[in-house]
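Asker: structure, please.
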Amino acid sequence: MSLTRREQRTRQLFQEQFELLCEYKQVNGHCLVPQKYDENPKLGRWVALMRKYHKDPEKKQNIVWKQLFAQLDTLGFEWELKKSMHRYEDGWQEQFEELC
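Answerer: Numbers count the residues shown, from 1 in each chain. Have a look, this model is predicted:
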């Protein structure tokens, strides 16, 4: 498959942020980067943008974006933020109750 310049640039920019996300996950144990992440504001915005793009029907049909989304899936990227946050909140609550 031959990529256009735009697709090549998209992949390059994606890969740069993906590597930063991998580092974030290694430190934090998840990919739930806050949108306003003080340590790396660009990463927080990028993660939010990936969630937005994942909802876009045109991007979901694009072969390049399908591959990029699949790459995020390998990290356990959570596309639905509300569901993800409830899972972590439930775990926090359980641990808190064990302490009491």
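Asker: now the top helix by length along the chain: buried residues?
Answerer: Counting residues, the longest helix found in the chain (DSSP state H) is helix 5-28. By neighbour count, with 16 or more other C-beta atoms under 10 Å as the criterion, the buried positions of helix 5-28 are 10-11, 14, 17-18, 20-21, 24-25. (C-beta placed from N, C-alpha, C; glycine too.)
Asker: would you map the strands across the protein?
Answerer: For the chain, applying DSSP state E gives no strands.
Asker: hmm, who's touching stretch 30-50?
Answerer: 17, 20-21, 24-25, 69, 72, 75-78, 81, 84-85, 88 (C-beta atoms under 8 Å, 6 or more residues apart in numbering).
Asker: which strands and helices sit next to the longest helix of the chain?
Answerer: helix 41-55, helix 63-74 (3 or more C-beta pairs under 8 Å, 6 or more residues apart in numbering; DSSP states H and E).
Asker: low-scoring stretches of the chain, by residue?
Answerer: 1, 83-100 (pLDDT under 70).
Asker: go again using 50 as the cut-off
Answerer: 86 (pLDDT under 50).
Asker: nearest to Ser2 among the buried residues of helix 5-28?
Answerer: Relative to Ser2, the closest of the buried residues of helix 5-28 is Arg11; by C-beta to C-beta it sits at 12.8 Å.
Asker: my read: the closest one touches Val64, true?
Answerer: Yes: counting by C-beta atoms under 8 Å, Arg11 does reach Val64; the two are 6.9 Å apart.
Asker: for Phe18, see how far away Phe69 is.
Answerer: 11 Å (C-beta to C-beta, to the nearest Å).
Asker: hmm, I was thinking of Pro41
Answerer: 17 Å.
Asker: just Gln67 next, same as before
Answerer: 12 Å.
Asker: sorry, back to before: would you turn the buried residues of helix 5-28 into a markdown table with distance to Thr4?
Answerer: A markdown table is the format used below for those (distance: C-beta to C-beta, whole Å):
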| residue | distance to Thr4 |
| --- | --- |
| Thr10 | 9 |
| Arg11 | 11 |
| Phe14 | 15 |
| Gln17 | 20 |
| Phe18 | 20 |
| Leu20 | 25 |
| Leu21 | 25 |
| Tyr24 | 30 |
| Lys25 | 30 |
